[in-house]
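> predicted structure and sequence below. I'll ask about it afterward.
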Amino acid sequence: MLRASRAETTEDRLENLQELLEIAAGFHTARDLLDHAALATSGPGEDRVDRVKMMTLHKAKGLEFPHIFLPGWEAGAFPPPYGDVAEERRLAYVALTRGMRRVTVSHCEYRRGYEAPSLYVDDIPAAHKMAGWLRAESRSVPVGRREPILSPVNDLEMLGRRPGVGRWH
């Protein structure tokens with residue numbers, strides 16, 4: 001019936017059906033195919049606020065979120081040594097202004113060697129930086145140390161949490 005029709009969309013529909021058959025051949029049951037399709041496509045719950053969204057700085061342009069986490073802000077990683085510093089600074093500004101409540105910037109002190117924080121960290125006003133986030137202000141962990149740095153109660157209370165609250169399950 002579709003083959004008899006000469007409409008331009010008919011050819012497209014036949015190609016779509018053929019592609020569906022090829023994809024379906026990779027699954028054992030129709031349920032497996034439907035489960036895969038449900039996971040692979042966006043649904044009505046995608047814009048729920050209780051979900052984590054990971055994206056590049058480029059994708060975040062124009063979007064805002066309650067909490068933003070910006071890992072890897074160390075010299076040599078952000079900005080990359082090969083990038084345009086002015087463009088990367090603009091991206092850093094975009095990233096820092098996407099958070100409605102809180103933006104958390106972190107860097108690794110030792111990745112491929114000892115690294116300094118990204119040069120863009122200096123652009124953040126001091127009033128917006130948490131005390132103790134730089135190595136000179138924080139406690140370091142001696143190599144081979146076995147006991148935890150955080151005491152189970154005191155440091156958690158300092159952070160405004162009670163023991164047992166906020167654990168991953």
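Cool, got the structure.
> can you give me the end-to-end span of stretch 87-105?
Terminal residues of stretch 87-105 lie 19 Å apart, using CA to CA, to the nearest Å.
> again with stretch 111-129
First residue to last in stretch 111-129 (CA to CA) measures 23 Å.
> for it, which residues meet the burial criterion?
Across stretch 111-129, burial judged by 16 or more other CB atoms under 10 Å covers 115, 117-121. Using the backbone N, CA and C atoms, a C-beta is placed for each residue, glycine as well.
> the longest helix seen in the chain packs against which elements?
When the chain is parsed with DSSP state H, its longest helix is helix 8-24. The elements that helix 8-24 packs onto, with contact taken as 3 or more CB pairs under 8 Å, 6 or more residues apart in numbering; DSSP states H and E, are helix 30-40.
> packing partners for the helix it packs on?
helix 8-24.
> tell me the mean pLDDT for the helix it packs on?
Mean pLDDT, computed over helix 8-24, is 83.
> okay, the angle between it and helix 30-40?
110 degrees (axes from the mean of the first three to the mean of the last three CA atoms, to 10 degrees).
> got the CA coordinates for helix 8-24 in PDB?
This file holds the C-alpha atoms of helix 8-24, laid out as PDB (Å, rounded to 0.1, in the frame of the first residue of the first chain):
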ATOM      1  CA  GLU A   8       7.400  12.200  -1.100                       C
ATOM      2  CA  THR A   9       6.800  11.200   2.600                       C
ATOM      3  CA  THR A  10       6.100   7.600   1.600                       C
ATOM      4  CA  GLU A  11       9.700   7.000   0.800                       C
ATOM      5  CA  ASP A  12      10.700   8.500   4.100                       C
ATOM      6  CA  ARG A  13       8.200   6.300   6.000                       C
ATOM      7  CA  LEU A  14       9.500   3.200   4.300                       C
ATOM      8  CA  GLU A  15      13.100   4.100   5.200                       C
ATOM      9  CA  ASN A  16      12.000   4.700   8.800                       C
ATOM     10  CA  LEU A  17      10.300   1.300   9.000                       C
ATOM     11  CA  GLN A  18      13.400  -0.300   7.500                       C
ATOM     12  CA  GLU A  19      15.600   1.400  10.100                       C
ATOM     13  CA  LEU A  20      13.200   0.300  12.900                       C
ATOM     14  CA  LEU A  21      13.400  -3.300  11.700                       C
ATOM     15  CA  GLU A  22      17.200  -3.200  11.600                       C
ATOM     16  CA  ILE A  23      17.300  -1.800  15.200                       C
ATOM     17  CA  ALA A  24      14.700  -4.300  16.400                       C
END
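> OK, contacts around Ala75?
Ala75 makes contact with 115-119 under the criterion CB atoms under 8 Å, 6 or more residues apart in numbering.
> which non-adjacent residue is nearest it?
Ala116 (4.5 Å; CB to CB, 6 or more residues apart in numbering).
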